[in-house]
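> show me how the following folds:
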Amino acid sequence: MLNNKIIDNEALLMSEITTRLEAIQKRIALARERSPYHQDVTLVAVTKSHPISEMKEVIAQGITQIGENRVQEMEEKFELLTEKVTWNLQGHLQRNKVKKAVAMADLIQSGDSIDILKEIDKRAGQIDKVQDILLEFNISGEETKTGISPHDFEEAVEVAKTLPHIKVVGLMCMAPEFGDLEQTRPVFKEGRQLFEKLKQRFPEGQVSILSMGMSHDFEIAIEEGATMVRVGTSIFGERVYR
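Residues are numbered from 1 along each chain as shown. Model (predicted):
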């Protein structure tokens, strides 16, 4: 009887995840309609602190992009997950974790400093890989957030273009958690402007990803041109930290 209750609870949780995922996908579609860009939008399911079983549920529903914030947690799941997915590393990357990150990540979204770009290039070169990355910009200037200052845009681009084992495919940014979500809009507007500027600095078609917007603000991000959103809590519920 106890085992049956556990199974029932797991089935209920899975059903809730599927329901929330479908709701998020509908909200994305509506935000796309409101956006002047009417762009395609990729959903990255952020599975930080959520188990393999929940990851498998969203993958079964057609999600192919998985996001993790920590290299150690990605490493654990990378070994266990048998389904084919695209691994996104989006949390701040410490220098001593870059070697492992490059071995697993399809896309590193947190290219947040010139030093880390150089380290990614070095480690990717050691395994004969060209690592896809996003340049992460700290548009709001928050001291608690990492990211390249927009003032250093030109320097970051010029350095990135000299590194043969990284490929800049887009831009990532985050907005502060304002009580009034409309206050995030100027941040996302500037993100779009930087994205358009970035596209001009690389070969045509190379820069295609504008990753901005999370559970609380992804709709405004899409309205302002995001082509990728990173959603965790709104799909999986609150995180349970180990």
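> please make it C-alpha for all contacts and neighbour counts, starting now.
Will do.
> ok so residue 182 is a strand residue?
No: with DSSP: H, G, I helix; E, B strand; the rest coil as the criterion, residue 182 is located in helix rather than a strand.
> could you count how many residues lie near it?
When counting by other Cα atoms under 10 Å, one arrives at 11 neighbours for residue 182.
> equivalent analysis for the one 5 residues further on, please.
Residues near residue 187, counting by other Cα under 10 Å, number 21.
> isn't it right next to residue 141, touching?
No: the criterion here is Cα atoms under 8 Å, and residue 187 misses it with residue 141 at 10.1 Å.
> next up, the contacts around the residue nearest to residue 105 when sequence neighbours are not counted.
Counting by Cα to Cα, 6 or more residues apart in numbering, residue 87 is the residue found nearest to residue 105 once chain neighbours are left out, at 5.1 Å. Residue 87 is in contact with 65-68, 104-107, counting by Cα atoms under 8 Å, 6 or more residues apart in numbering.
> now, those residues that are in strands?
Among those, DSSP state E puts 65-68, 107 in strands.
> circling back: can I get the contacts of residue 87 in TSV with distance to residue 154?
Shown next, in TSV, are the contacts of residue 87 (distance: Cα to Cα, whole Å):
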residue	distance to residue 154
65	30
66	30
67	28
68	29
104	29
105	26
106	25
107	22
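> looking at the residues you listed, which one is closest to residue 212?
For these, the minimum distance to residue 212 (Cα to Cα) is 13.1 Å, reached by residue 67.
> ok, that closest one - contacts?
44-48, 87-90, 230.
> identify the bridge partners of it.
Beta-bridge partners of residue 67, counted by DSSP bridges, are residue 46, residue 88.
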